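Asker: here you go, sequence then predicted model.
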Amino acid sequence: GDSVTQTEGQVALSEEDFLTIHCNYSASGYPALFWYVQYPGEGPQFLFRASRDKEKGSSRGFEATYDKGTTSFHLRKASVQESDSAVYYCALGEDNYAQGLTFGLGTRVSVFP
Amino acid sequence: AQTIHQWPVAEIKAVGSPLSLGCTIKGKSSPNLYWYWQATGGTLQQLFYSITVGQVESVVQLNLSASRPKDDQFILSTEKLLLSHSGFYLCAWSPPWGGKDTQYFGPGTRLLVL
């Protein structure tokens, strides 16, 4: 079945540091890829998506590029702020009509002033 | 703009008691609807999905059931709660077009079973 692997379980950074969260996927078809962010006590918020090879998604200073060759969709941000502290989820969606997204285990990002 | 509302915000229930959680989506016609469960500190696990009124598909068996009585309403329920049902329940919707569409989540319902 489909799966999403996020390498980092937790990341601790200082403000203005560069953030990278690695996301690799395994899918039978040609999936759409997503990044979501979840703040404590809230539902996940959609950040952005990409649906074809080499497509870049971006939002709020975060970006990721769909790479079919390496089956990756790594999240990056050049300069993090304390308000970026949250859990980030990589997810994929297949053509299977109306089935849900497959989520990675999430990466907890803590940014310290 | 679409809005998604979940109720209740939180529940504390006894093992063996019944449960009903609700979700309403406004501003979108015929959305696909989903229920997810999230253990504390865990990832999201899809439970059910529905593409139309009266039709619900189960993804995992957790002694829960779901129903879609109206186009904009999705209900999650069980007659007998287990300790393992504790967690965060999230409702989501997506446009009625396909499996690759973006899903938008509600604020969630926190459930503690004692």
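Answerer: In hand now; what should we look at?

Asker: where exactly do the strands run in chain A?
Answerer: Assigned by DSSP state E, chain A shows strands spanning A:3-6, A:10-14, A:19-21, A:23-26, A:32-38, A:45-50, A:56-59, A:62-65, A:75-77, A:86-93, A:102-103, A:107-112.

Asker: mean pLDDT lowest where, among these?
Answerer: When those are compared by mean pLDDT, strand A:102-103 comes last with a mean of 92.

Asker: what lines up beside that one in the sheet?
Answerer: If you go by DSSP bridges, strand A:102-103 pairs up with strand A:86-93 (antiparallel).

Asker: list the contacts of the partner strand.
Answerer: For strand A:86-93, the external contacting residues (C-beta atoms under 8 Å, 6 or more residues apart in numbering or on different chains) are A:2, A:4, A:6, A:21, A:23, A:25, A:27, A:31-40, A:44, A:47, A:73, A:75, A:99-104, A:106-109, B:43-44, B:99-101, B:103. For every residue, glycine as well, the C-beta is placed using N, CA and C.

Asker: what sits against the residue nearest to residue B:8 when sequence neighbours are not counted?
Answerer: Distance criterion C-beta to C-beta, 6 or more residues apart in numbering or on different chains; nearest residue to residue B:8, sequence neighbours excluded, is residue B:109 at 6.1 Å. For residue B:109, the contact set (C-beta under 8 Å, 6+ apart) comprises B:6, B:7, B:8, B:9, B:10, B:11, B:21, B:88, B:89.

Asker: what about the third one, neighbour count?
Answerer: The burial metric for residue B:8, expressed as a neighbour count using other C-beta atoms under 10 Å in any protein chain shown, is 11.

Asker: residues in chain A within reach of chain B, list them.
Answerer: Within chain A, the positions near chain B by C-beta under 8 Å from any C-beta of the partner chain are A:31-32, A:34, A:36, A:41-46, A:49, A:51, A:89, A:93-101, A:103-106.

Asker: what about 7 Å?
Answerer: Chain A comes close to chain B at residues A:31-32, A:34, A:42-44, A:46, A:49, A:51, A:89, A:93-101, A:103-106, as judged by C-beta under 7 Å from any C-beta of the partner chain.

Asker: would you write a ChimeraX line that selects the buried entries of these?
Answerer: Buried residues among these (16 or more other C-beta atoms under 10 Å in any protein chain shown), as a ChimeraX selection:
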select /A:31,32,34,43,44,46,49,89,93,94,98,99,100,101,103,104,105,106
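
Asker: what about residue A:29, neighbour count?
Answerer: Neighbour count for residue A:29, taken as other C-beta under 10 Å: 11.

Asker: may I have the beta-bridge partners of the residue most central in space within chain B?
Answerer: The centre of chain B sits closest to residue B:35, judged by C-alpha atoms, centre = their mean, with a distance of 3.1 Å. Bridge pairing for residue B:35 (DSSP bridges) gives the partners residue B:48, residue B:91.

Asker: surely it meets residue B:47?
Answerer: Yes: look at residue B:35 against residue B:47 with C-beta atoms under 7 Å: they come within range, at 4.4 Å.

Asker: ok, how many other residues are close to residue A:17?
Answerer: 15.

Asker: now do the same for it: its pLDDT.
Answerer: Predicted confidence (pLDDT) at residue A:17: the value is 98.

Asker: and for residue A:29?
Answerer: 82.

Asker: tell me the phi and psi of it?
Answerer: phi -110, psi -150 (degrees, to the nearest 10).

Asker: ok, it - contacts?
Answerer: Listed by C-beta atoms under 7 Å, 6 or more residues apart in numbering or on different chains, the contact set of residue A:29 reads A:94, A:95.
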